[in-house]
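Participant: the sequence and its predicted three-dimensional model are supplied below.
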Amino acid sequence: MTVVTHFQTTSIAQATLRGRHLQLAHQVRHTFERIGIEHRNDDGIVFTPRVKRIAWTPDGDIALIELDESRLWHIPSTRLTNPDTLRKLRRTIGQPIAVLETDHTGQRLPGIWYVVSFAPQPPLPESLRLTLEVIQHINADGLLVPVGQFKHTPGITYRTLDQLGHVLIGSATQRGKTSLLNAWIGALAARNTPDRYQLIIIDAKATTLHRWRGLRHLKQYATTLDEALNTLTAIEVLADQHFAAIRAARLDNWHDFNARGDHPLPAIHVVVDELPDFVFQSGGPTGEFATLLARLAGKVLGAGVFLTIAGTQMGSDVLPPLLRANMITRIAFQTSDRYKSLAVLNEVGAEKLPAIKGRALWRDAERPTQLIETQMVYLDGEDVDAIVALNGPSGAESQSTQAAAFVPTIAGVRPELAQDIARWVVTTGQTDVRSVWAEFRGKGLARNKAIGLLNEWEAVGLLGAQETARDPRPVLQPFRDRLGLGSENDSA
Ligand SMILES: Nc1ncnc2c1ncn2[C@@H]1O[C@H](COP(=O)(O)OP(=O)(O)OP(=O)(O)O)[C@@H](O)[C@H]1O
Ligand SMILES: [Mg+2]
């Protein structure tokens, strides 16, 4: 019995390996032929690069491919190793592939070597819902945006607004565009005060993003063409103001300006949903709306103004070329055909995505040569409402909602309870575990959660460190600011 089992497993593995082996050699050669990497000698004989040998790790997870040097004459090695060639190889082989330049001792390898991974990859999740709690646990720069889970990369990938630049999102209807916009807005609004992040929404449908209307970060919400045009003009003025401040500080851009630390300029996030509606209403890609938007896209990034544009049609009948050229990050959920995929990504592929909501192809400046299959994050309507409730508009009648500005919490402590505790801690100055627990145990706060919460607030710079284990932690100014409680002197 044992012998048979053993025999069977090895023979299956070897057959698989032999199959892969032949297929790989063929795929590599076929790719070179297809993209015309070849040398024709004086007698008109064509030399296409071929595989000299392939070596496998014993588990069959990694293949090393060496090209036959005798057929590489007159073919520049960069043609064989540039990102475009690698992308095409990857697409034919269907596995991650890279150029191997050095051996394990760091010695440069002679010739051309590729390394291909066949290691089994965990499948992407079918859904990646952000919740208020998840957002509050993002312990990093407030302008970091959760993107989704990349294939072959564990965990959620994040990008800063700066890294994203302007973003173009396209797909058939009901695929997850607006839900992704909600997730990004939510993650940014919940973790930033309006002096760091401001939102402008241009949305022809006026139904999908309307839940954000009460958000205190929202500067404008345009739903008619007139409003949209006025808004775009206002954004240009705003960008000019930012540039003036940046120039006055003798700096080049928003990023450098804010890196100095004091008096940062807010990031202005301009979200345009249902883009084609306004483009068509105002005369197509050469009309006023598209032209204004294209001009903005070309100049405002350096001022900290970031465009995120979504719609079902992104063809040349909608997007002027200048606008398309300035959209750095591209996201396509499933499209109805390959032409719609081309319109968003400049490549086909999104039409073949599985019919899973939130599944997309992603490309950005961080990995410009790769289209990455990704399960994008999304935020449900009720979570949008929760974030708006915690970040309501400023103004006298809504003082209490404004005061309930976002405070980080930990697993097991409801955000509302964390807000209450925060207000109590800041107003009474009692920051020791015992007092906090005594005050809030009746509301369901466990002692270890009280410890965890105070540690968390210390970790994110809201409370100072204890001098000794018995001393209270000082309440720091950012904590007062978040709760709208003014400075220590004001309240004294
Ligand atoms: N990432 C996701 N995971 C799971 N479900 C999702 C995801 N994104 C969206 N959905 C669900 O799919 C539905 C449609 O999503 P959404 O409104 O974002 O699509 P859309 O692409 O903006 O559509 P339209 O073009 O019609 O505006 C929503 O009801 C949402 O609950
Ligand atoms: Mg939508």
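Facilitator: All right, it came through fine. Ligands and ions are numbered 1, 2, ... in the order given.

Participant: could you use CA atoms for every contact and neighbour count after this?
Facilitator: Noted.

Participant: and the next element down the chain from the helix-or-strand element of the chain with minimal mean pLDDT?
Facilitator: For the chain, using mean pLDDT, DSSP states H and E, the weakest element among its helices and strands is helix 399-403, scoring a mean of 34. Going down the chain from helix 399-403, the next helix or strand is helix 415-428, by DSSP states H and E.

Participant: and the stretch 1-150 of the chain, which residues reach ligand 1?
Facilitator: Proximity of the stretch 1-150 of the chain to ligand 1 (Cα under 6 Å from any ligand atom) is limited to residues 127-128.

Participant: residues contacting the closest residue to ligand 1 within the stretch 1-150 of the chain?
Facilitator: Of the stretch 1-150 of the chain, the residue with the smallest distance to ligand 1, taken as Cα to the nearest ligand atom, is residue 127 at 4.3 Å. For residue 127, the contacting residues are 357-358, 375-377, taking Cα atoms under 8 Å, 6 or more residues apart in numbering as the criterion.

Participant: let's see it at 10 Å
Facilitator: Residues in contact with residue 127, defined by Cα atoms under 10 Å, 6 or more residues apart in numbering, are 148-149, 356-359, 375-378.

Participant: just the ones of those residues in helices?
Facilitator: Among the contacts of residue 127, no member falls in helices (DSSP state H).

Participant: out of those residues, give me the one that has the most neighbours.
Facilitator: Of all those, the highest neighbour tally under other Cα atoms under 10 Å goes to residue 376, namely 31 neighbours.

Participant: what sits opposite it in the beta ladder?
Facilitator: Judged by DSSP bridges, the bridge partners of residue 376 are residue 148.

Participant: what sits against it?
Facilitator: 125-130, 146-150, 156-157, 176-177, 179-180, 183, 331, 333, 357-362.

Participant: assumed the residue of the stretch 1-150 of the chain closest to ligand 1 was part of a strand.
Facilitator: No. The assignment for residue 127 by DSSP: H, G, I helix; E, B strand; the rest coil gives coil, which leaves it out of any strand.

Participant: quick check: buried residues in the helix or strand harbouring residue 228?
Facilitator: Secondary-structure assignment from DSSP H and E places residue 228 in helix 225-248. With burial defined by 16 or more other Cα atoms under 10 Å, the residues of helix 225-248 counted as buried are 225, 228-229, 231-232, 235-236, 238-239, 242-243, 245-246.

Participant: same question, stretch 144-161
Facilitator: By neighbour count with 16+ other Cα under 10 Å, stretch 144-161 contains the buried residues 144-152, 158, 161.

Participant: most centrally placed residue in the protein?
Facilitator: With distances taken as Cα atoms, centre = their mean, residue 147 lies nearest the centre of the chain, 3.1 Å away.

Participant: now do the domain split for the protein, please.
Facilitator: The record assigns the chain these domain ranges, following automatic domain parsing: 2-117, 129-386, 407-491.

Participant: can I get those in a markdown table including mean pLDDT?
Facilitator: Output for the domains of the chain, formatted as a markdown table (pLDDT from 0 to 100):
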| stretch | mean pLDDT |
| --- | --- |
| domain 2-117 | 85 |
| domain 129-386 | 93 |
| domain 407-491 | 82 |
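
Participant: and these, which is most packed in?
Facilitator: With neighbours defined as mean count of other Cα atoms under 10 Å, the domains of the chain peak in mean count at domain 129-386, which reaches a mean of 19.

Participant: how far does that domain stretch from one end to the other?
Facilitator: Domain 129-386 stretches 15 Å from its first residue to its last (Cα to Cα, to the nearest Å).

Participant: near ligand 1, which residues of the stretch 201-350 of the chain are found?
Facilitator: Within reach of ligand 1 by Cα under 6 Å from any ligand atom, the stretch 201-350 of the chain has these residues: residue 312.

Participant: do that again at 8 Å, thanks
Facilitator: Residues of the stretch 201-350 of the chain lying close to ligand 1 by Cα under 8 Å from any ligand atom are 208, 273-274, 310-312, 333.

Participant: out of these, which comes closest to residue 70?
Facilitator: Within these, proximity to residue 70 (Cα to Cα) peaks at residue 333, which comes in at 44.2 Å.

Participant: spit out the contact partners of that closest one.
Facilitator: Residue 333 makes contacts with 169-177, 312, 341, 344, 350-362, 373-376, as judged by Cα under 10 Å, 6+ apart.

Participant: identify the bridge partners of the residue nearest to residue 274 when sequence neighbours are not counted.
Facilitator: Leaving aside its chain neighbours, residue 274 sits nearest to residue 311 (4.5 Å; criterion: Cα to Cα, 6 or more residues apart in numbering). Each beta-bridge partner of residue 311 is listed here: residue 170, as defined by DSSP bridges.

Participant: point me to the residue of the stretch 301-450 of the chain nearest ligand 1.
Facilitator: Among residues of the stretch 301-450 of the chain, the one nearest ligand 1 by Cα to the nearest ligand atom turns out to be residue 358. It sits 3.2 Å away.

Participant: that residue and residue 377 touch, don't they?
Facilitator: Yes. Taking contact to mean Cα atoms under 10 Å, the distance of 7.1 Å between residue 358 and residue 377 places them in contact.

Participant: please report phi then psi for residue 410.
Facilitator: Backbone dihedrals for residue 410, given as degrees, to the nearest 10, come out at phi -120, psi 170.

Participant: helix, strand, or coil at the closest residue to it other than its chain neighbours?
Facilitator: Closest residue to residue 410 apart from its sequence neighbours, by Cα to Cα, 6+ apart: residue 453 at 6.1 Å. When the structure is split into helix, strand and coil by three-state DSSP, residue 453 lands in helix.

Participant: ok, residue 386 next?
Facilitator: Taken by three-state DSSP, the conformation at residue 386 corresponds to helix.

Participant: distance of it from residue 414?
Facilitator: Per Cα to Cα, residue 386 is found 12 Å from residue 414.

Participant: do residue 477 as well
Facilitator: Distance from residue 477 to residue 414, by Cα to Cα: 24 Å.

Participant: do the same with residue 359
Facilitator: Residue 359 sits at a distance of 30 Å from residue 414 (criterion: Cα to Cα).

Participant: just residue 459 next, same as before
Facilitator: To residue 414, residue 459 is 19 Å away according to Cα to Cα.

Participant: what of residue 116?
Facilitator: Look at residue 116 and residue 414: by Cα to Cα, they are 47 Å apart.

Participant: give the contact list for the residue nearest to residue 410.
Facilitator: Residue 453 makes contacts with 408-413, 418, 421-422, 433, 447, 459, as judged by Cα under 10 Å, 6+ apart.

Participant: sorry, back to before: turn the residues of the stretch 201-350 of the chain next to ligand 1 into TSV, including distance to residue 465.
Facilitator: Formatted as TSV, the entries for those read as follows, by distance: Cα to Cα, whole Å:
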residue	distance to residue 465
208	44
273	45
274	48
310	45
311	48
312	51
333	46
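
Participant: now, which of those sits nearest residue 429?
Facilitator: For residue 429, the closest of those turns out to be residue 208, at 42.4 Å, with distances computed as Cα to Cα.
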